[in-house]
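J.: return a 3D structure for these sequence lines:
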Amino acid sequence: MAVYSIRGINVEFPFEAYPCQIIYMDKVIESLQNKCNALLESPTGTGKTLCLLCATLAWRKKSLGKDHRNNGQGGAFPTIVYASRTHSQLRQVINELRRCSYRPKMVVLGSREQLCVNEEVSSLRGKALTNACHYLCQKHQCNHFNRLPEYLKNNPDIGDEPVDIEDLVNIGKDSGPCPYYLTREVHKDVDILFAPYNYLISNAYRKYLKVNWNSSILIFDEAHNLESLCADSASFDLPSALLSACISEAQECVRLASARNDESANPENFALLKGLLLKLQELISQVPIPEKNEGFTKPGPYIYEMLKSLNITHETAPQLIGTIEEAAVLLDEEKQRTATSAGSKLGIIVDMLKLIFRENGSNHADAYRVHVQELEQNSTDVIKDNHHLVPKIYCLGKASRTLSWWCFNPGVTMQDIAKKGVGSIILTSGTLSPMDSLAQELELEFPVRLENPHVISSNQLWAGVVSTGPLGCVLNSCYSNRDVPEYKQELGNVIVDFSQVVPDGLLVFFPSYNLMDRCIAFWKDGSHRMTIWERICELKKPVIEPKDSSLFPAAMQDFSEKVQDRSISGAVFFAVCRGKVSEGLDFADSAGRAVVITGLPYARVTDPKVKLKREFLGEQSGLANVKFRRSTSLSGSMWYSQEAARAVNQAIGRVIRHRHDYGAIIFCDERFEQRSQQSKISVWIRPHVKCYSSRYGEVISDLARFFQTERSNIPARIVTEQEHNIGNSYVKDVGLVRNDGNFVKWKGLTILKRKGKMPRIVKGDVMQACSARKIRLVDLSDEETQVEKRCEVVDLDCDNCEKEICETETFTSSDTMGLIKKRKVPESQGSASLSKEEGGDNKQASASAFFSQVKEKLNGEECNKFVGYMHGLKKKELKFANVMQSIVQLLSGTERDHLLMGFKDFVPVKHRPAYEQCIKMRKREAF
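T.: Numbering: from 1, shown residues only. Next up, the predicted model:
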């Protein structure tokens, strides 16, 4: 466990930290110490989650010490709330927490659908499950709920060790308590709370959290879509089909209540509810829509005028909500009795009313627009809202209307959170750029910002703008050009060439499903001997991202199998920006060697929501006395452009997923040559982007050279323990570098840790001078060669960076190349240790002596490559015949002839003639 002193905080980190991780933790602590908000962008593979947890928990530990609160009682000190988009992402975060040395009291929140273990109701969904749960608990008929008090009494330490959703469900099944209500109790007294976004951004969920909001820390991970999620959570759509379903349910409630002989349900109340819903349906149908494409639009406060005509106001809304909730309970009781699993549709009306008639009045309505849209339905569709799947069945050509109340200011939600007195709000993701528009959208100040570089070297990334294809036709997917046959032909030819040059997995992103479908249809249709599509299929097996999300897992499985199939030359995944492929999925190593962006994914200009959003921002930026204060106004056109840029950044983030990954990013649209477009690309990519203008041949040759070089360099990279864990299943384990005892490696140094003292960060030339990385060389023909090495340890606590000699324990070659257990030996014993080595195996001594000569003549990069080849050969990951020429090239040059001849002693006998021939050819080339 390494310890880093950052801004006076001792941060315990489970691995050797990269420089960018030190910087990231520094920014986190700066935000927490100054009680301000932060926007932190760090590419995937840089370990941002682990950094975020370690830095935040270290700060909290130090703050607890300042407040003399070492009594272990969680909850009294401000709570850390860690939110991410999905529970699968939270599961990964909790796994990272397990790697930390910190053990805060924690819990993860989930829905009843995820946590319910009652076999009678766990198969239900939505409101049906909620109401059935309430009913059983109120009647004390749920054994799991009844066992909760006793379990809490006997297990006060629940949450002291990291637990995720699966762990909680297993506790419920094994020990009996209800996992759902267990988390509701435990979360009142925790140090860190994990939850999906909706528990924070939804006012309905947030009010149920028993959190000490004052000075609390809110962390939004994977926050690149936070502004759209905030706006969506504050909006609603009420389609005709859903409203009709609600009217039918109200009628059913009248029937059920009339059939009862008790006073538990009054049929008259449900009759009134049905009448109100019918009037609302009629009101929506009478709204004048002169142009179907335009719809009917009014300012946000108009919603109150509409509902007031139905006698629904701030005063009457609570009573109406109560009636609807009674109706939902009545319906769910009936469905439980008849074993029907469908949930109540009336829940959407409750959510809608609560959104409109908020506790703080109607001031928020200025950020909204009322919109009624009419569409002709030509088939049976399905509406998906927050709670239900509702079939819409219409006659051919029958019109359907949807009442919408759209929020165009995400700051409405974030301001509600900020007003609770939180200390810091930290937003982090691999793709937050452009940051200015995000900050302005959320209407929060973010004094602390970071756009972190990647942990990869510059030679591991190829990025280029391809503005023309092989026939010289311009590549530009703008609206006026995307349907031109010559453009689609040229784009297809480009993808054919890339399929031939790029190894393994290739990702091709289109601006929209519509454009992707049209291009693929064009490539399949041809009068030539072989269509473009057939040429692509000859090189790589294609997979197309489906629009139907239920088919997506099968598509991913298909792509994975094709990439891993060694009998073919890889696969190409045709996908869409903002689609599922572009969001949060890992295409590491061979799964994604290159990503092609075929155009700028601008949203459809005629989309009513997009159009109104642009108009709203235009009005706000044009006002002299802006109500929503912004330091720099975000115009509608700026927002429109930056949303497209953020979608591009998200898509290109699918490649380069860890320290030793490599890949290419190819922009196939001439508009990416513009400086204004390149300025919106993630900062770690910008310096590497090369514009090829009309030099298409150079693109192909450069790409081919890049992949040829990187594939030959793979064995030269040694995966550290951190990279092995931060990466994914595609990372090949080629040896782990572990921290052991009093030693930890950082920035190429072996740091000697001392009790009571912190290692200092030595920067610049001083660090380079102190660094002494020594690697082992093994005999290529001996399977069980044992090797030892001496390494230098730098004590960063000493001003002159004194070196102490370490001796490594001996391992067989299968353990070498990184797995080094160190023990300190006094300087005086160094010569004795050396003499002991000299008395060992002659091969070992010869190898050590030869490697000393190699180090003298080769620079650092060359030496690393040489060691990588040795490791790959020893592990039988490489064949000597395939790397012989590369080794000869490394050992050739001025004053290196002795290296070429000396290395022959380590070459297997059967390869020596070929090795000697390779040397002769190299010398001829030199002359």
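
J.: so residue 508, which state does it fall into?
T.: strand (DSSP: H, G, I helix; E, B strand; the rest coil).

J.: stretch 681-692 - what's its average pLDDT?
T.: Per-residue pLDDT values over stretch 681-692 give a mean of 90.

J.: gap between the two ends of that stretch?
T.: One end of stretch 681-692 sits 17 Å from the other (Cα to Cα, to the nearest Å).

J.: mind listing what's buried along it?
T.: 681, 682, 683, 684, 685, 688, 689, 692 (16 or more other Cβ atoms under 10 Å). Bear in mind the C-beta positions are built from the backbone N, C-alpha and C, glycine included.

J.: check stretch 142-152 too.
T.: With burial defined by 16+ other Cβ under 10 Å, the residues of stretch 142-152 counted as buried are 142, 144, 145, 147, 148, 151.

J.: thought residue 181 was touching the last one, still the case?
T.: So the one you mean is residue 151. No - here residue 151 lies out of contact with residue 181, judged by Cβ atoms under 8 Å, at a distance of 10.2 Å.

J.: neighbours around residue 850, how many?
T.: Counted by other Cβ atoms under 10 Å, the residues lying close to residue 850 total 17.

J.: so who does it touch?
T.: Going by Cβ atoms under 8 Å, 6 or more residues apart in numbering, residue 850 touches 777, 902, 903, 905, 906.

J.: break down the stretch 251-400 of the chain into its strands, ranges please.
T.: 296-299, 368-377, 381-384, 389-392, 398-407 (DSSP state E, counting those that start in this stretch).

J.: the second one vs strand 398-407, what angle?
T.: This points to strand 368-377. Going by axes from the mean of the first three to the mean of the last three Cα atoms, to 10 degrees, strand 368-377 is angled at 160 degrees with respect to strand 398-407.

J.: and strand 368-377, how far out from the chain middle?
T.: Its chain's C-alpha centre and that of strand 368-377 lie 33 Å apart, by Cα atoms, centre = their mean, to the nearest Å.

J.: what packs against it?
T.: Other elements packing on strand 368-377 under the criterion 3 or more Cβ pairs under 8 Å, 6 or more residues apart in numbering; DSSP states H and E are strand 296-299, helix 302-308, strand 398-407, helix 608-622.

J.: run me through the strand neighbours of it, direction for each.
T.: Each strand paired with strand 368-377, and its direction, by DSSP bridges: strand 296-299 (antiparallel), strand 398-407 (antiparallel).

J.: mind listing residues that contact that strand?
T.: With Cβ under 8 Å, 6+ apart, strand 368-377 has contacts from 235, 284, 287, 289, 292, 295-303, 306, 392, 394, 397-408, 608-609, 612, 616.

J.: list the buried residues of it.
T.: For strand 368-377, using 16+ other Cβ under 10 Å, the buried residues are 368, 369, 370, 371, 372, 373, 374, 377.

J.: next: stretch 550-559.
T.: Within stretch 550-559, the residues scored as buried using 16+ other Cβ under 10 Å are 552, 555, 556, 558, 559.

J.: could you dump the residues you listed into CSV with distance to residue 533 added?
T.: Shown next, in CSV, are those (distance: Cβ to Cβ, whole Å):
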residue, distance to residue 533
552, 22
555, 17
556, 21
558, 17
559, 17
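
J.: in helices only, show me those residues.
T.: Judged by DSSP state H, helices contain the following of those: 552, 555, 556, 558, 559.

J.: dump those to TSV, plus pLDDT and distance to residue 873.
T.: Converted to TSV, these look like this (pLDDT from 0 to 100; distance: Cβ to Cβ, whole Å):
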residue	pLDDT	distance to residue 873
552	89	42
555	92	39
556	91	35
558	93	35
559	92	32
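
J.: where in the stretch 801-927 of the chain is pLDDT low?
T.: Applying pLDDT under 70 to the stretch 801-927 of the chain flags the ranges 801-846, 875-879, 882, 924-927.

J.: in it, which spans are helices?
T.: 830-838, 842-857, 860-874, 880-891, 897-903, 912-926 (DSSP state H, counting those that start in this stretch).

J.: and among those helices, the most buried is which?
T.: helix 860-874 (a mean of 20; mean count of other Cβ atoms under 10 Å).

J.: distance of the closest residue to residue 209 other than its chain neighbours relative to residue 355?
T.: Leaving aside its chain neighbours, residue 209 sits nearest to residue 199 (6.5 Å; criterion: Cβ to Cβ, 6 or more residues apart in numbering). Counting by Cβ to Cβ, to the nearest Å, the gap from residue 199 to residue 355 is 17 Å.

J.: before we move on, the earlier item: let me know the closest of the buried residues of stretch 142-152 to residue 703.
T.: residue 144 (58.7 Å; Cβ to Cβ).

J.: hmm, back to that, in ChimeraX, select just the buried ones from the contacts of strand 368-377.
T.: Command for ChimeraX that selects the buried part of the contacts of strand 368-377, burial taken from 16+ other Cβ under 10 Å:
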select :235,284,287,295,296,297,300,302,303,306,392,394,400,401,402,403,404,405,406,407,408,608,609,612,616
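
J.: what's the burial count for residue 896?
T.: Residue 896, neighbours per other Cβ under 10 Å, totals 16.

J.: and residue 548, by the same measure?
T.: 7.

J.: who touches it in this structure?
T.: By Cβ under 8 Å, 6+ apart, residue 548 has no neighbours at all.

J.: so for it, what's the pLDDT?
T.: 87.

J.: gap between it and residue 554?
T.: On the measure of Cβ to Cβ, residue 548 and residue 554 end up 10 Å apart.

J.: do the same with residue 706
T.: When residue 706 is compared with residue 554 (using Cβ to Cβ), they lie 33 Å apart.

J.: figure out which of the strands paired with strand 368-377 is closest to residue 119.
T.: Using Cβ to Cβ, those put strand 398-407 closest to residue 119, at 38.5 Å.

J.: what mean pLDDT does the next helix or strand after that closest one get?
T.: Downstream of strand 398-407, the first helix or strand assigned by DSSP states H and E is helix 411-418. Averaging pLDDT along helix 411-418 yields 86.

J.: for helix 411-418, buried residues please.
T.: 411, 412, 413, 414, 416, 417, 418.

J.: again with stretch 351-369
T.: 351-353, 355-358, 364-369.

J.: and for stretch 904-911?
T.: 906, 907, 911.

J.: turn the residues you listed into TSV, including distance to residue 563.
T.: Converted to TSV, the buried residues of stretch 904-911 look like this (distance: Cβ to Cβ, whole Å):
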residue	distance to residue 563
906	36
907	35
911	32
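
J.: ok, so of these, who is nearest residue 331?
T.: Of the buried residues of stretch 904-911, the one sitting nearest to residue 331 (Cβ to Cβ) turns out to be residue 911, at 79.2 Å.

J.: if I pick the closest one, what's in contact with it?
T.: By Cβ under 8 Å, 6+ apart, the neighbours of residue 911 are 880, 881, 884.

J.: mind giving me the domain split of this structure?
T.: Structural domains annotated on the chain: 2-118+150-231+415-451, 232-377+396-409, 461-624+633-713, 858-925, as defined by the TED database.

J.: just the pLDDT for residue 201.
T.: pLDDT at residue 201 comes out at 87.

J.: leaving out the residues flanking it, which one is nearest to residue 440?
T.: residue 634 (4.3 Å).

J.: gap between that neighbour and residue 313?
T.: 34 Å.

J.: next one: residue 583
T.: From residue 583 to residue 313 the distance is 41 Å (Cβ to Cβ).

J.: which helix or which strand is home to residue 427?
T.: Element membership for residue 427 (DSSP H and E) is strand 424-429.

J.: out of the helices and strands packed on strand 368-377, which is closest to residue 247?
T.: strand 398-407 (14.2 Å).

J.: nothing else from me, thank you.
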